[in-house]
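>>> could you work out the structure for the sequence below:
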Amino acid sequence: MKYFALIILTLSTITLVFMFYKLSQTKHSVAKSIVEKTLSNSSYELSNFLHPFSNHIEFSAEDLGSRPFSNFTPEKFNAYYFSVIQKNKELQSVAIANNKGLEYNFIRTGNVWKSRMLDPSVNKEAYFWKKYKIDHKKVISDSAWNSAPVYDPRERPWYIGSKNSYPYTFWTDLYVFNTTNELGITVSQVWNDPEEDSLKITLSYDISLQAISAILKEIKPTKNSQVIITKGTNYLRFDDKTQSISIVNQNMNEQQTQLHQLSIEHLNGEPFQFERDNQNWWGSSEEFKLSNSQSLKVIIVLPEIDFLKEINNLQALLFIGFIVISFLTFLIVRMHNKQAKYTNLLLIKGKKLDEKNQEIISSINCAKRIQDSMLPDEESIDNCLGEAFVIYIPKDIVAGDFYWIREQHPYVFFAVGDCTGHGVPGAMISVMCQNALNRAVLEFSLIQPNKILDKTRELFIEQFNIHNNRFSDGMDISFCLLHKENNKLIWAGANNPLYIVKNNGSETYNLKPDKQPIGRYPKQTPFSQQEVQLEKGDRIYLYTDGFQDQFGGPQLKKIKPKAFRELILQTSSLSISAQKEALTEAFKEWKGREDQVDDVCILCVKV
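Below you'll find the predicted structure:
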């Protein structure tokens, strides 16, 4: 053991001497290490700051893009975005515009809320302004006025850029907002109106970059270094004198032009040298991806004298480390015998943990058998529904999705539910929801789908004894009642839609659900229902969101609802068994090697 300690000490000494030599011989390696760490921190901080806005505008564009622009009103827009702007202090304003010249801005400046609208059909010579007061989270108009001149929104950079970047998001260069006079950047997204194909709508977010000042200050690697963010011709940097950010044009002086040229030539994170104010400086630059075709450039510059000081500090730390290693060597030798004893104990505990893990897996497999026994088998499906298929692909061993069928001549009930989560928690909620459905139909003898959903919600809440706002689990469901003699369909939905393809394949129905779940909800209302007269050969599709939310394809994106419905329509001319196989193969091909994100459940019934 004594010789073992001496070997460790000798190796530590050799390592220390070697590292002192390397540190004294190379500046390049140290500069590279410093800038790589700073570039990594910069990318991480920028990703946390900017990507949530990019993700949110994509989500909002998808949501708003499903509604005709003819339904747009400033009041609805304000209500939609009030909480979003309030929760994100960097979001200064949200604007929406179309290719007919209409533009609407919802703006927050400090604690002041305003809107600005240009509607050429009313008055193309002036903006119509409103100021609002906030009363219990409600946006209430306080005053109004007009102003001129106006600017055509179709000539704004964010509008032109999003049009040229369709279908991807577009980011502008860094600039000063004309609405709030703050430094920032704008992200925008364009889509086609679902009702009027020639109408193009663009949504934009003005993002203040004032919070970037704290980030740039925090990630500075040395006292005199600078972290610069650039897009287009403007540089954004932290000013030590004013303790705030400022924008500088890259062509403002010879130094800025030189730095710009060097950053382009070394856009790979590799350090470069240049001279400034009779001092030798080091720098590095790297791209930060905003979208598929756009990026920011992060530039790190620091004077050589700063990181020479860092080298001296590292040498001192290495010497201290040598002393620590020597002391630790002594402790390691002393504790070696005790460690052998502890190792044996760990092996015993590891064996016990493995046994427990096997017990847990066995329990989950048993739960799967129980859950499978609650689902209708193929014989029940054929007897109740005739020509039909089910695609059921759990994400884990057990699932939160389920399909449910009951026959009560001359009616047949069938539904597809999506309970909160997946795996064991989702399966537990699934059992409770199926139990509530069975009671609503069998115990309370309800027929109407909306009444069944109302009773199911009531029974579900009773089962969980939900009396507080902390419990938010529940179920989304699409529920059908089909009269088998006259083919009349009555449907109700909780967040899950219903899709119908007519037998000629040229006509479809996409029934919208009530926007509330089976479970606790702040604005709980009775469920509604819709009636559809079907014909022989029509196909009914009930589904959860697992298929359309799956990431995959060449660009690793979601399938999305529209593409999912198009896939159903394209395969609706196939036989029932062939369509099931085609949809299953399409899902596997889209997913590829990506992890499954959620349970998948699709029920198709051919009338």
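>>> scan this protein for its longest helix.
Taking DSSP state H as the criterion, the chain has its longest helix at helix 304-374.
>>> buried stuff in the next helix or strand after that helix?
Counting by DSSP states H and E, the next helix or strand C-terminal to helix 304-374 is helix 378-385. Under the neighbour-count criterion of 16 or more other Cβ atoms under 10 Å, helix 378-385 has 381, 384-385 buried. In this view, the C-beta of every residue, glycine as well, is placed from N, C-alpha and C.
>>> what is the longest helix of the chain packed up against?
Counting by 3 or more Cβ pairs under 8 Å, 6 or more residues apart in numbering; DSSP states H and E, the packing neighbours recorded for helix 304-374 are helix 2-25, helix 28-65, strand 279-289, helix 423-438.
>>> the third one vs helix 28-65, what angle?
What it means is strand 279-289. 30 degrees (axes from the mean of the first three to the mean of the last three Cα atoms, to 10 degrees).
>>> run through the stretch 1-150 of the chain and note the low-pLDDT ranges.
1-6, 9, 20-28 (pLDDT under 70).
>>> which parts of this structure are helices?
2-25, 28-65, 74-87, 157-165, 212-218, 254-265, 304-374, 378-385, 423-438, 449-464, 561-571, 576-591.
>>> reformat these as a markdown table; add distance to Ser204.
A markdown table is the format used below for the helices of the chain (distance: least, Cβ to Cβ, whole Å):
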| stretch | distance to Ser204 |
| --- | --- |
| helix 2-25 | 50 |
| helix 28-65 | 8 |
| helix 74-87 | 12 |
| helix 157-165 | 5 |
| helix 212-218 | 19 |
| helix 254-265 | 28 |
| helix 304-374 | 40 |
| helix 378-385 | 48 |
| helix 423-438 | 37 |
| helix 449-464 | 39 |
| helix 561-571 | 23 |
| helix 576-591 | 31 |
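>>> measure Val532 to Leu567 for me?
Val532 sits 22 Å away from Leu567, taking Cβ to Cβ, to the nearest Å as the criterion.
>>> again but with Glu535, I slipped
Taking Cβ to Cβ, one finds Glu535 at 23 Å from Leu567.
>>> out of the helices and strands packed on helix 304-374, nearest to Leu259?
When the helices and strands packed on helix 304-374 are compared by Cβ to Cβ, strand 279-289 sits nearest Leu259, at 7.0 Å.
>>> where does Lys231 land on pLDDT?
pLDDT, Lys231: 78.
>>> how about Arg154?
pLDDT, Arg154: 93.
>>> ok now do it, which residues does it touch?
97, 99, 101, 160 (Cβ atoms under 8 Å, 6 or more residues apart in numbering).
>>> ok, so of those, who is nearest Tyr499?
Asn99 (30.4 Å).
>>> ok, of the buried residues of helix 378-385, which one's closest to Ser198?
Comparing the buried residues of helix 378-385 against Ser198 with Cβ to Cβ places Leu385 closest, at 42.2 Å.
>>> separation between the closest one and Lys484?
Taking Cβ to Cβ, one finds Leu385 at 9 Å from Lys484.
>>> ends of stretch 437-456, how far apart?
Stretch 437-456 has an end-to-end distance of 5 Å (Cα to Cα, to the nearest Å).
>>> to clarify, my last question referred to stretch 92-106.
With Cα to Cα, one end of stretch 92-106 sits 9 Å from the other.
>>> shift numbering so it begins at 15
Shifting the count to begin at 15 puts that one at stretch 106-120.
>>> okay, now the closest residue to Leu467 other than its chain neighbours: neighbour count?
With sequence-adjacent residues excluded and distances taken as Cβ to Cβ, 6 or more residues apart in numbering, Leu467 is closest to Phe541, at 4.3 Å. Neighbourhood size, Phe541 [other Cβ atoms under 10 Å]: 24.
>>> now do the same contact list for Phe541.
Applying Cβ under 8 Å, 6+ apart, the residues near Phe541 are 463-464, 467-468, 471, 506, 508, 528, 530.
>>> so between Glu549 and Leu581, which is more surrounded?
Neighbours were counted for Glu549 and for Leu581 using other Cβ under 10 Å; Leu581 has more, 18 against 10.
>>> my read is that the more buried one contacts Thr598, right?
No: look at Leu581 against Thr598 with Cβ atoms under 8 Å: they stay out of range, at 11.6 Å.
>>> so the longest helix of the chain versus helix 42-79, what angle?
Using the same axes, to 10 degrees: helix 318-388 against helix 42-79 is 40 degrees.
>>> quick one: mean pLDDT for helix 318-388?
76.
>>> could you do stretch 467-476 as well?
Mean predicted lDDT for stretch 467-476 stands at 92.
>>> not counting its own residues, what contacts it?
The contact list for stretch 467-476 (Cβ under 8 Å, 6+ apart) reads 446-447, 449-451, 453-454, 458, 460, 488-489, 491, 493, 506, 508, 532-534, 538, 540-541.
>>> in strands only, show me those.
Within the contacts of stretch 467-476, residues falling in strands by DSSP state E are 488-489, 491, 493, 506, 508, 532-533.
>>> from those, which single one is nearest Val262?
Gly488 (52.9 Å).
>>> contact partners for that closest one?
433-434, 443, 474, 531-535.
>>> what is it paired to in the beta sheet?
Gly533 (DSSP bridges).
>>> got the CA positions of stretch 402-421 in CSV?
Backbone C-alpha positions of stretch 402-421 (Å, rounded to 0.1, in the frame of the first residue of the first chain) are rendered in CSV as follows:
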residue,chain,number,x,y,z
ALA,A,402,-63.9,-1.4,-38.3
PHE,A,403,-60.3,-1.3,-37.2
VAL,A,404,-58.3,-0.2,-34.2
ILE,A,405,-54.7,1.1,-34.3
TYR,A,406,-53.4,0.9,-30.7
ILE,A,407,-49.7,1.7,-30.0
PRO,A,408,-48.9,2.4,-26.4
LYS,A,409,-45.7,4.5,-25.7
ASP,A,410,-44.8,2.4,-22.7
ILE,A,411,-45.9,-1.0,-21.4
VAL,A,412,-49.3,0.4,-20.2
ALA,A,413,-51.1,3.4,-21.7
GLY,A,414,-53.2,6.4,-21.0
ASP,A,415,-55.1,6.1,-24.3
PHE,A,416,-58.0,3.6,-24.7
TYR,A,417,-60.9,2.7,-26.9
TRP,A,418,-64.4,1.8,-25.6
ILE,A,419,-67.5,0.1,-27.2
ARG,A,420,-70.9,-0.7,-25.8
GLU,A,421,-74.0,-2.0,-27.7
